[in-house]
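Novice: below are the sequence and a predicted model; questions follow.
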Amino acid sequence: MFKPARMKKLKILTLDAYSNSLISALQEEEVVQIHDISERIQQDAEWKQILKPSKVTAYTGKVSSLQMKATGIADFLKSAERKEGGILASVMGILNPKVPEKREVEDLDTEALIEHAESILGKVEGQTKPIEEKLTALDAEKSELNNALNVANKLKNIDIDLSDLEETKYTNAITGRISSTQLDEFKKEANSITDKIVILEHAEKETTVLFVITLKEYDSEISSILRKYEFELYDTSELSGKPSVIIQNAESRIAQIESEKAGLIDNLADIAEKWLDDLEVLKEQLEIEKNRNEIFASFGETEKTIMIEGWVTAKKLDEALDIINKSSDGHSIIEVTDPEDGDDIPVHLDNPRFAKPYELFVHMYSPPRYKETDPTLLFALVFPFFFGFCLTDAGYGIIDALIGLLLVFGLGKVNKVMHSLGLILTACGVWAVVLGLATNSLFGDFIPRWIMGNANAAVPTTIPMFNAFSFPQNILLWALIVGVIYTAIALIIGAMDNIRMKQYREAVEGQIVWLLVFIAIGLIGAGYMLFGGMWSIVFDIGLGLFIVTMVMQFYFNKIFGLMDYSGFLGTILSYARLLALCLATGGIATTVNIVANVVLTFFPGIIPGAVGAAIAMIIAIFITLAGHTVNCAFQTLGAFVNSMRLHYVEFFGQFYVGGSQKFRAFRARRKLTKLGGK
């Protein structure tokens with residue numbers, strides 16, 4: 001529970017004839033992480049004499065190709081899939097997604113699956129490819145028409161047949177727009193090059209449309225001059241007819257194209273309705289088969305055998321051995337050993353069900369080392385408490401808990417991460433409710449102000465000494481006590497880990513000395529307050545112990561060790577953020593209520609009667625809803641971030657190293673399929 005799961009190393013030697021059945025069984029049962037030994041074979045001379053690196057199977061390329069093809073067709077059909085129910089249905093699909101029912105599929109070998117995939121893809125592609133080609137052609141035509149429409153719209157005020165501007169054997173025509181202020185300069189410069197040039201112009205507001213016709217031998221020079229004057233060139237080479245006629249014809253044809261595309265997409269929607277589910281199932285089958293064929297590159301092989309290395313948790317060792325023996329008809333040699341120093345041991349966290357969601361946060365930071373303490377259980381117990389301490393408002397806690405439940409029973413049904421986050425947010429919300437009721441905050445002073453009629457009263461559930469509005473110093477004191485206790489727990493864990501790994505100096509220097517500092521300060525405080533004041537025997541022992549810790553710090557780190565005291569004090573004081581966020585939540589919530597109350601009294605004084613009262617009520621309700629919504633969102637985010645920081649920085653900083661790799665069993669990711677009989 002406080003340690004990662006015990007791991008066992010497997011070495012499996014089996015006949016090549018049983019390799020496919022063995023790998024398939026391991027993939028489906030998801031109990032063994034397969035370790036890549038191909039690189040070691042190449043580097044180790046002794047291994048190189050016995051084994052050679054295995055390779056992916058001959059089917060890998062074909063399966064990958066079919067998978068990409070199935071993905072492409074499925075994505076194409078998804079773009080045409082009918083969306084029923086409008087926006088409301090889309091929102092409900094996000095909040096409460098439908099859990100796909102797993103389809104039973106036959107356990108096909110690679111050749112049979114390839115044949116099955118080619119059959120399905122051939123049928124679907126035979127229906128989609130003509131439509132896809134037609135859509136591509138229509139899109140290309142539409143693009144050309146839009147280009148023509150763009151040019152024609154810029155020339156729509158000019159009554160000229162654009163076919164007259166076509167290139168001839170001896171002449172070339174340039175059409176475009178130039179700034180009116182630069183027109184005369186262009187004419188002057190163009191005429192200085194040749195007088196065999198025709199310039200037609202159509203003046204507009206600030207620009208002029210030009211038609212420049214010249215001999216081909218002067219084309220490059222004239223074009224160079226035009227570029228100098230930032231001439232906007234229009235491509236009329238493919239256009240014929242007057243601009244107004246081009247516009248009319250293009251708009252008409254674009255409308256026809258859209259109608260044709262709608263019909264084609266409707267046909268695609270029918271195909272999607274018939275085949276899309278089959279394609280998604282096929283994609284999953286091909287993905288599983290691709291992974292199965294690629295994993296062979298991790299093995300070693302001889303002429304008749306293959307060698308596999310892997311990791312399995314001690315709890316599932318017997319299950320793994322049974323799978324290996326059954327799938328190879330007993331024709332396997334299996335060696336089971338404990339991890340050795342230097343092994344890159346994958347880590348599997350083994351926690352109670354309620355703590356499982358919090359493994360997400362531990363993995364986000366870094367999985368613990370194999371022999372290191374797993375902090376997940378403490379994370380699960382303390383993180384929601386810290387969150388509730390930071391938020392400390394029962395109203396906001398209820399909202400967060402409801403959102404958490406919505407995630408659990410909505411997106412959490414199809415997404416494990418969302419399910420975990422939903423459970424975490426629900427627990428956090430419950431703690432916020434408990435601490436909010438105890439510290440007199442339910443949407444700030446909403447209950448006393450609006451229900452009880454006395455803003456200075458307290459919620460009936462309030463514990464007087466923990467009333468955050470009356471005794472914030474008590475909240476601060478408890479925040480610091482929590483910080484001291486949690487830091488001491490971290491130091492004890494760190495010392496135990498270091499001692500277990502025989503890192504005695506690190507244990508004394510990194511944890512034990514600070515535990516002695518806690519004890520020393522506790523004795524000094526007890527001696528001063530409980531045992532006769534300064535210079536009592538308890539006080540003297542505490543002071544002496546504190547001096548000993550300073551000597552130890554100087555011994556370990558010289559003068560820098562003494563400077564660490566300020567950093568350690570900062571770690572403890574960092575827990576004061578629990579009070580700061582607690583007061584911020586309640587203070588802003590109360591401010592929202594005060595502003596709403598001011599509005600209720602202000603508007604009736606300006607606009608007397610029922611109208612003024614109605615306006616005041618509407619504005620006050622809006623301010624209350626908007627203010628509490630924004631405050632709840634920001635304070636929830638702040639509570640989450642600061643609770644994470646107290647763990648990642650203040651707590652983990654005292655003992656946690658991490659840096660291991662997560663245990664990842666070789667598995668078949670089946671979301672849409674299940675094998676027949678399972």
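Specialist: On my side now, so go ahead. Residues are numbered from 1 along each chain as shown.

Novice: give me the pLDDT for residue 411.
Specialist: According to the prediction, residue 411 has pLDDT 89.

Novice: what's the burial count for it?
Specialist: Counted with other Cβ atoms under 10 Å, the neighbours of residue 411 add up to 18. For the C-beta atoms, the positions are set from N, CA and C on the backbone; glycine is no exception.

Novice: so what's it closest to, chain neighbours aside?
Specialist: Nearest residue to residue 411, sequence neighbours excluded (Cβ to Cβ, 6 or more residues apart in numbering): residue 418, at 4.0 Å.

Novice: can you confirm residue 158 is in a helix?
Specialist: No: remark: residue 158 does not belong to a helix; assigned using DSSP: H, G, I helix; E, B strand; the rest coil, it is coil.

Novice: centre-most residue in this protein?
Specialist: residue 417 (9.6 Å; Cα atoms, centre = their mean).

Novice: quick revisit: and the residue nearest to residue 411, what element?
Specialist: helix 416-438 (DSSP states H and E).

Novice: with residue 595 instead?
Specialist: If you go by DSSP H and E, residue 595 is part of helix 577-606.

Novice: next SSE downstream of that helix?
Specialist: Downstream of helix 577-606 (by DSSP H and E), the next one is helix 609-645.

Novice: so what does the helix holding residue 595 touch, helix or strand wise?
Specialist: Using 3 or more Cβ pairs under 8 Å, 6 or more residues apart in numbering; DSSP states H and E as the contact test, the elements touching helix 577-606 are helix 376-391, helix 394-409, helix 472-500, helix 609-645.

Novice: all strands of this protein, in order?
Specialist: If DSSP state E is used as the criterion, the strands of the chain fall at 7-15, 33-35, 52-53, 103-105, 171-179, 197-203, 207-215, 232-234, 300-301, 305-313, 332-337, 673-675.

Novice: re the thing from before, the residue nearest to the centre of the chain and residue 364, how far apart?
Specialist: 11 Å (Cβ to Cβ, to the nearest Å).

Novice: please read off the pLDDT at residue 256 from the model.
Specialist: Among the per-residue scores, residue 256 shows a pLDDT of 95.

Novice: ok, now the one 10 residues further on?
Specialist: With respect to pLDDT, residue 266 scores 92.

Novice: tell me the buried residues in the helix holding residue 595?
Specialist: By neighbour count with 16 or more other Cβ atoms under 10 Å, helix 577-606 contains the buried residues 577-586, 588-590, 592-593, 596-597, 599-600, 603-604.

Novice: do the same with stretch 56-75
Specialist: Residues 56-57, 59-60, 62-64, 66-67, 69-71, 73-74 are the ones in stretch 56-75 that count as buried (16+ other Cβ under 10 Å).

Novice: what about the residue lying closest to residue 436 once chain neighbours are set aside, neighbour count?
Specialist: Distance criterion Cβ to Cβ, 6+ apart; nearest residue to residue 436, sequence neighbours excluded, is residue 394 at 3.3 Å. The number of residues packed around residue 394, counting by other Cβ under 10 Å, is 26.

Novice: my guess is residue 394 meets residue 442, correct?
Specialist: Yes: Residue 394 is within contact range of residue 442, at 4.2 Å (criterion: Cβ atoms under 8 Å).

Novice: what does the lowest-mean-pLDDT helix or strand in the chain contact?
Specialist: Of all regular secondary-structure elements in the chain, judged by mean pLDDT, DSSP states H and E, the least confident is helix 86-95 with a mean of 70. Outside helix 86-95, the residues within contact range by Cβ atoms under 8 Å, 6 or more residues apart in numbering are 83, 85, 406, 410-411.

Novice: of the residues you listed, just say which sits nearest to residue 245.
Specialist: residue 83 (39.1 Å; Cβ to Cβ).

Novice: which intervals of this protein have sub-threshold pLDDT?
Specialist: Using pLDDT under 70 as the threshold, the predicted model of the chain has low-confidence ranges 1, 84-86, 89-90, 531-535, 603-605, 607, 609, 677-678.

Novice: neighbours of the closest residue to residue 489 other than its chain neighbours, how many?
Specialist: Closest residue to residue 489 apart from its sequence neighbours, by Cβ to Cβ, 6+ apart: residue 378 at 7.1 Å. The local packing of residue 378 (other Cβ under 10 Å) involves 19 other residues.

Novice: then residue 156?
Specialist: Number of residues near residue 156 (other Cβ under 10 Å) recorded here: 13.

Novice: gap between it and residue 231?
Specialist: Applying Cβ to Cβ, one obtains 20 Å for the distance of residue 156 from residue 231.
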